[in-house]
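> sequence first, predicted coordinates after that:
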Amino acid sequence: MLTRRFSFTGQTSMRPLKIAPSILSADFARLGEDVRAVMDAGGDWVHVDVMDGHFVPNISFGPAVMKSIRHITPKPFDVHLMISPVDPYLDAFAEGGADIITVHAEAGPHLHRTLQAIRRLGKKAGVSLNPGTHESVLEYVLDDVDLILVMTVNPGFGGQSFIRSGLEKIARINAMIGDRQIDLEVDGGVTAHNVGEIVSAGANALVAGSAVFKGGAQEYAKNIAAIRKAAESARGERV
Ligand code: DX5
Ligand code: ZN
């Protein structure tokens, strides 16, 4: 088991901290109200998990549902597409109000083409890596991405345990990014307890489902504040 702990390097201070509640953990029967509640409680980005039952073993929702809640908040929609193929659906998510569209490196044979297509739609382009995928796949697309999403669970479900080998990967990708303006996002099993290490490894954008939505709407602000506080203290922004 990897026990190495990561200390803050200062390299992430350029990139602002973003907390992205995953609405996969929201109450789908009252999705709009729940999205409003979680964003009013301090979420920075709405993390939208789209699953197709093919690339991942679960089905969530598509662009029409996303579009129906777009008016709820002016905050960015951070759309995580766990679908394959992905290219035929980019237009619909752009039109539905996505700000960042993230695709999986494993989801298709033409990653570079897909990223170009996203940028041509006027959206920020993201790439996500499953836990078993090496970061070398990013090497030739670093200048074509605005966000890199490191999965620290196997995608498909909320509420799974954080895979610690992701910390090493975050640190390596942080070094690869260098001075580029690329957000480094982490998704899967993120909690107030492990966020210090995640941020210290170099991540600046934190997706959290269960850790934000636990306890119901009256707890959202407290849950987000706990994550933010732990992250800010790891970044040296709090004493
Ligand atoms: C997993 C999704 C995640 C998930 C996170 O496939 O991409 O965004 O909802 O949920 P937690 O924070 O509960 O692991
Ligand atoms: Zn996600």
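Nice, I can see it. Computed from a predicted model, the values in this text were never measured in an experiment. Numbers count the residues shown, from 1 in each chain. Ligands and ions are numbered 1, 2, ... in the order given.
> wasn't Ser136 part of a helix?
Yes: under DSSP: H, G, I helix; E, B strand; the rest coil, Ser136 falls within a helix.
> ok, which stretches of the protein are strands?
Using DSSP state E, the strands of the chain run over 18-21, 46-51, 77-82, 100-104, 124-129, 147-151, 183-187, 205-208.
> turn the ones you listed into JSON lines, columns for distance to ligand 1.
(Glycine included, C-beta is placed from N, CA and C.) As requested, these are exported to JSON lines (distance: least, Cβ to the nearest ligand atom, whole Å):
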{"stretch": "strand 18-21", "distance to ligand 1": "8"}
{"stretch": "strand 46-51", "distance to ligand 1": "5"}
{"stretch": "strand 77-82", "distance to ligand 1": "5"}
{"stretch": "strand 100-104", "distance to ligand 1": "10"}
{"stretch": "strand 124-129", "distance to ligand 1": "8"}
{"stretch": "strand 147-151", "distance to ligand 1": "7"}
{"stretch": "strand 183-187", "distance to ligand 1": "5"}
{"stretch": "strand 205-208", "distance to ligand 1": "5"}
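> phi and psi next, for Arg164.
phi -70, psi -20 (degrees, to the nearest 10).
> re earlier: in JSON lines: the strands of the chain, plus mean neighbour count, mean pLDDT and distance to Gly158.
Below are those laid out as JSON lines (neighbours: other Cβ atoms under 10 Å; pLDDT from 0 to 100; distance: least, Cβ to Cβ, whole Å):
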{"stretch": "strand 18-21", "mean neighbour count": "26", "mean pLDDT": "98", "distance to Gly158": "11"}
{"stretch": "strand 46-51", "mean neighbour count": "26", "mean pLDDT": "98", "distance to Gly158": "8"}
{"stretch": "strand 77-82", "mean neighbour count": "26", "mean pLDDT": "99", "distance to Gly158": "12"}
{"stretch": "strand 100-104", "mean neighbour count": "27", "mean pLDDT": "99", "distance to Gly158": "17"}
{"stretch": "strand 124-129", "mean neighbour count": "22", "mean pLDDT": "99", "distance to Gly158": "16"}
{"stretch": "strand 147-151", "mean neighbour count": "26", "mean pLDDT": "99", "distance to Gly158": "13"}
{"stretch": "strand 183-187", "mean neighbour count": "26", "mean pLDDT": "98", "distance to Gly158": "10"}
{"stretch": "strand 205-208", "mean neighbour count": "26", "mean pLDDT": "98", "distance to Gly158": "9"}
